[in-house]
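> Okay, structure incoming, though there's no sequence with it:
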């Protein structure tokens, strides 16, 4: 098992560098730099442009810029934001916790709602539960996040006045858990709704597949009740695909939800990424990309380990020479 | 278990009610901004955007306060006058002005600010604002010649310019970019290290607000400066949050925002929503936006540029964009201002078709760039030009891509907007300059001649005549097409009184006059 983990880690290294190179090149192909935005389009004179490009390091050839950035990353330095002049590492550190809180809560709510709904839908096909699951999935898949965000604001903030329309706190900073929860509820609800459809459908499909297996029929023939069959056999069998879907949300949790954070003014990594792309703040975009890339690679490794733990057959295959 | 949950909920609600920071005793103004600001060092803003300027306006002090109509009020300077035959301006500083650490602001601070920022060793990206001063080069770096900033005494500052400039013109043009820094806090720091000081993470200025905390690009908490020379702001904290444009008005209706920059500006189609949400909406009197059609003068010949100008129905475009809050324009001069010329614009499709034929238009399709929020406008432009027989394709891009594409010649046209000023060269001086020739004008010499002539003319009547002459030349050459001047609708804050809404479009906010309604 340890050799397997080591091999996976070694394989992840070139993948990581490949991802960073790809993102770096994609950013360079995007038209315009922060210099083009100077004075909101009033433009920079030739001398000013040259000075600004030299100061930001944009005058160096592309390979040099990438290698400089990569050298910094290997030393633990993600660079300095063009716009704010602050270290990217500090900016990401400031934004990571709010993102974890928002998307983590949203995904937890998704899981908490989707698992029972998916199981019930599979257990009683074509029942009211099944139709409810289909309706939830349809809404989740078809309504875009920004629309759901604005609709939520209109209903719960503007019309009913129950929840705040933006931000993480009222006033200048943390003013109580209750205040934080009030601010969290609406954006986390939108994140939850966004992930609900996939999770409900995945749970239902996995449970239905297992319910058709011979060993389930055998368990029922032995006289096991519905609840025992569901908990002991079906859920365990359906665990791997559901677990895959749940764990695949980890990069999303770490990277934040760009649209939801932006609309709700939530100070997370998603809104940081959005602003950085708009203002062509490449070091920040690259920094967030590194964090997301690492979380994707880490999640994949975690998924493999989880498979091995959840399914003895995977362990057996790995043990074979 | 149920008891434990109930206890936890009670604890949470209890915390919320009392507030950890004693919020009930603290008068907070929640302020929304749709885009983030740059560094908190005012001469180190790479974007040089108004979103940054509106932040600097709070922490640092400026010489004057500029009203929307172009009138000037004292701020850091109590009064001013011209000197040296128009080549200098003398500012009498307010003797009560002080930095947030209690140190009085003197003329020496202003001189040192300019000296340190124009030091070629200092990498400040905003030093070009000083290029109008004597002793600097085109990039604003000191040349070694005597610098055009001098302290005549502790509270008298003299600025000497390269070309004759009245103090009023200087302030209208540059006031929002000149801030006094606490130079006493970095006397021994080398120029190259100036921008890396921790001071800029927790800045000390002399503006109406003091720095408290920042989450870069997301949230800035400022306090009221109790000793500000024009008065203490009527709040304890000003909390500036980045809120998406789509959520500014809903947040204000919901009571989560007290006000948003710039002047609570709202689109005409959203005004009914604001009113139905219980907010008052007032119409601004001074134009605060100028729309232009940028043109590539290399790919579009002069007759074709003139044809485009005649083919556009500016009235319809203006109506589509402003909902009736604007006037079509045939010049970049502020309507109602000192230099305003008679608007002679009219649509003439026949003449446009004739000019296209004269210009040898071969039916090719030109590329027009615009940002996503102007795609409807671009479609209207496309339709109007098609009526004259000119074909364009629209590319929806973001601002950086549009300006970059115009600069490198990828696009033939682009729709852009700007905040106008009362100065006659507010637009043309930066747009028709060597090194920033975004319109790709093959020969800028005649433009440079007109611009130098207007700048050097001190007699108002003669200057107005030169401006009119220059406008006639612009009409003939059409390097860009003025579309319209728009006025804003201002959503009035339900909680804050004393806001000068129109002037906030010009990166001024009179926060020292703001008070909260009780």
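Yes, it's here. Computed from a predicted model, the values in this text were never measured in an experiment.
> going forward, measure contacts between C-alpha atoms and count neighbours the same way
OK.
> Do you know the pLDDT at residue A:45?
In this model, residue A:45 is scored at 67, pLDDT.
> Give me every residue in the stretch 201-350 of chain B lying close to chain A.
Selection of the stretch 201-350 of chain B residues close to chain A by C-alpha under 8 Å from any C-alpha of the partner chain yields B:215-219, B:221, B:237-239, B:241-244, B:246-247, B:250-251, B:253-254, B:256, B:277.
> shaky segments in the stretch 401-518 of chain B?
Residues of the stretch 401-518 of chain B meeting the criterion pLDDT under 70: B:518.
> mind listing the helices for it?
B:428-431, B:445-456, B:460-477, B:501-504 (DSSP state H, counting those that start in this stretch).
> now for the ones you listed, which one comes closest to chain A?
Distance to chain A, taken as C-alpha to the nearest C-alpha, is lowest for helix B:428-431 among the helices of the stretch 401-518 of chain B, at 6.8 Å.
> sorry, back to before: sitting in strands, which of the residues of the stretch 201-350 of chain B next to chain A do you find?
Those of these mapping onto strands are B:215, B:219, B:221, B:237, B:238, B:239, B:241, B:242, per DSSP state E.
> Give me the PyMOL select line for the residues of the stretch 201-350 of chain B next to chain A, limited to the buried ones.
Buried subset of these, written as a PyMOL selection, criterion 16 or more other C-alpha atoms under 10 Å in any protein chain shown:
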select buried, chain B and resi 216+217+218+219+221+237+238+239+241+242+243+244+247+250+251+253+254+256+277
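> Comparing the helices of the stretch 401-518 of chain B, which stretch has the densest surroundings?
helix B:501-504 (a mean of 24; mean count of other C-alpha atoms under 10 Å in any protein chain shown).
> from the chain's centre, how far out does that helix sit?
12 Å (C-alpha atoms, centre = their mean, to the nearest Å).
> ok, residues contacting that helix?
B:66-68, B:261-264, B:284-286, B:288, B:490, B:509 (C-alpha atoms under 8 Å, 6 or more residues apart in numbering or on different chains).
> how about JSON lines for those, with secondary structure added?
Output for the contacts of helix B:501-504, formatted as JSON lines (DSSP: H, G, I helix; E, B strand; the rest coil):
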{"residue": "B:66", "secondary structure": "strand"}
{"residue": "B:67", "secondary structure": "coil"}
{"residue": "B:68", "secondary structure": "coil"}
{"residue": "B:261", "secondary structure": "coil"}
{"residue": "B:262", "secondary structure": "coil"}
{"residue": "B:263", "secondary structure": "coil"}
{"residue": "B:264", "secondary structure": "coil"}
{"residue": "B:284", "secondary structure": "coil"}
{"residue": "B:285", "secondary structure": "coil"}
{"residue": "B:286", "secondary structure": "coil"}
{"residue": "B:288", "secondary structure": "coil"}
{"residue": "B:490", "secondary structure": "strand"}
{"residue": "B:509", "secondary structure": "coil"}
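> for the residues you listed, which one is nearest residue A:79?
residue B:261 (30.8 Å; C-alpha to C-alpha).
> wait, that closest one sits on residue B:32?
Yes: counting by C-alpha atoms under 8 Å, residue B:261 touches residue B:32, with 6.3 Å between them.
> A helix includes residue B:309, no?
Yes: per three-state DSSP, residue B:309 lies within a helix segment.
> Packing partners of the helix or strand hosting residue B:385?
Take DSSP states H and E as the rule and residue B:385 turns out to sit in helix B:375-387. On a contact count with 3 or more C-alpha pairs under 8 Å, 6 or more residues apart in numbering or on different chains; DSSP states H and E, helix B:375-387 meets helix B:302-311, helix B:314-322, strand B:391-396.
> nearest to residue B:28, of those?
helix B:314-322 (33.3 Å).
> what about stretch B:413-425, how long is it end to end?
22 Å (C-alpha to C-alpha, to the nearest Å).
> ok, now stretch B:109-128?
Using C-alpha to C-alpha, first and last residues of stretch B:109-128 are 19 Å apart.
> What score does residue B:140 have for pLDDT?
89.
> where's it relative to chain A, distance?
Per C-alpha to the nearest C-alpha, to the nearest Å, residue B:140 is found 9 Å from chain A.
> quick one on the thing from earlier: what subset of the contacts of helix B:501-504 is buried?
B:66, B:67, B:68, B:261, B:262, B:263, B:264, B:284, B:286, B:288, B:490, B:509.
> Let's have those residues in TSV, adding distance to residue B:156.
Listed next are those as TSV, based on distance: C-alpha to C-alpha, whole Å:
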residue	distance to residue B:156
B:66	21
B:67	24
B:68	27
B:261	33
B:262	32
B:263	33
B:264	37
B:284	36
B:286	33
B:288	33
B:490	38
B:509	25
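> Considering the residues you listed, which is situated nearest to residue B:381?
residue B:288 (22.2 Å).
> if I read this right, the closest one contacts residue B:490, doesn't it?
No: assessed by C-alpha under 8 Å, residue B:288 is found out of contact with residue B:490, at 11.5 Å.
> what helix or strand does residue A:262 sit in?
Going by DSSP H and E, residue A:262 is part of helix A:258-264.
> Can you list the low-confidence ranges for the chain?
Looking at chain A here, since you left the chain open. Checking chain A against pLDDT under 70 turns up A:1, A:38-45, A:252, A:254-256, A:310-321.
> right idea, wrong chain: chain B
B:1-24, B:518.
> list the contacts for the residue of the stretch 51-200 of chain A found nearest chain B?
Proximity of the stretch 51-200 of chain A to chain B (C-alpha to the nearest C-alpha) peaks at residue A:84, 3.8 Å away. Residues counted as contacts of residue A:84 (C-alpha under 8 Å, 6+ apart) are B:37, B:38, B:39, B:40, B:45, B:216, B:217.
> The first one sits in which helix or strand?
The one in question is residue B:37. Counting by DSSP H and E, residue B:37 is part of no helix or strand.
> how much space between it and residue B:206?
19 Å.
> How far away from the center of its chain is stretch B:244-260?
22 Å.
> first vs last residue of it, how far apart are they?
Using C-alpha to C-alpha, the two ends of stretch B:244-260 sit 11 Å apart.
> Check stretch B:322-340 too.
End-to-end for stretch B:322-340, by C-alpha to C-alpha: 21 Å.
> buried stuff in it?
Those would be B:322, B:325-335, B:339-340, for stretch B:322-340 by 16+ other C-alpha under 10 Å.
> possible to save those as CSV with secondary structure?
Listed next are the buried residues of stretch B:322-340 as CSV, based on three-state DSSP:
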residue, secondary structure
B:322, helix
B:325, coil
B:326, strand
B:327, strand
B:328, strand
B:329, coil
B:330, coil
B:331, coil
B:332, coil
B:333, coil
B:334, coil
B:335, coil
B:339, coil
B:340, coil
